[in-house]
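Sequence plus the predicted model coming up.
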Amino acid sequence: MEQLQETTRYFESRGLKVQVENIDESKWQNVIYFLYAGSVNVVSSDNFADAVIAHGIDTIWFTQDSNNVTYYANYYDNSWLPTVYVYSATLV
């Protein structure tokens, strides 16, 4: 939980809004599809924040279960397929 709070504070200190979102199964499957489609950048918290800011995204979302928290942001360029930026951390 402390790691979760520290990570959230880090993102917020970079000017990003952090929002909890309950993801229904269909939406989560869409995120997983993009992961397997190779349209995702899995990065460190530093790089994640830099990438999100660079693309003009001001809100990131996170979901949490008992062992893991996942932050993500979708970025749409000129195509229909978004790039899904993902940062995951294990809760300790």
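Cool, got the structure.

quick one: the residue most central in space within the chain and residue 45, what's the gap?
The residue lying closest to the centre of the chain (Cα atoms, centre = their mean) is residue 72, at 1.4 Å. Between residue 72 and residue 45 the distance, using Cβ to Cβ, to the nearest Å, works out to 13 Å. Glycine gets a C-beta too; all of them are placed from N, C-alpha and C.

Surely residue 17 touches residue 60?
Yes - under the criterion of Cβ atoms under 8 Å, residue 17 lies in contact with residue 60, with a separation of 7.3 Å.

What ranges does this structure have for its helices?
For the chain, the helices defined by DSSP state H cover 2-13, 25-36, 45-54.

Mean pLDDT lowest where, among those helices?
For the helices of the chain, mean pLDDT drops lowest on helix 25-36, to a mean of 66.

Which pLDDT value does the model give the closest residue to residue 61 other than its chain neighbours?
The spatial neighbour of residue 61 that comes closest, neighbours along the chain excluded (Cβ to Cβ, 6 or more residues apart in numbering), is residue 21 at 4.3 Å. Residue 21 is assigned 72 on the pLDDT scale.

Pairing-wise in the sheet, spell out the partners of the residue nearest to the centre of the chain.
Residue 72 has these beta-bridge partners by DSSP bridges: residue 61, residue 86.

which ones are touching residue 41?
Contacts here follow Cβ atoms under 8 Å, 6 or more residues apart in numbering; on that basis residue 41 touches 47, 51, 83, 85-86.

Kindly recompute the last result at 7 Å.
Contacts for residue 41 were tallied using Cβ atoms under 7 Å, 6 or more residues apart in numbering; they are 51, 83, 85.

neighbour-wise, which of those leads?
Neighbour count (other Cβ atoms under 10 Å) singles out residue 85 as the most crowded of these, with 22 neighbours.

could you measure that residue against residue 2, distance?
Relative to residue 2, residue 85 is positioned 24 Å away (criterion: Cβ to Cβ).
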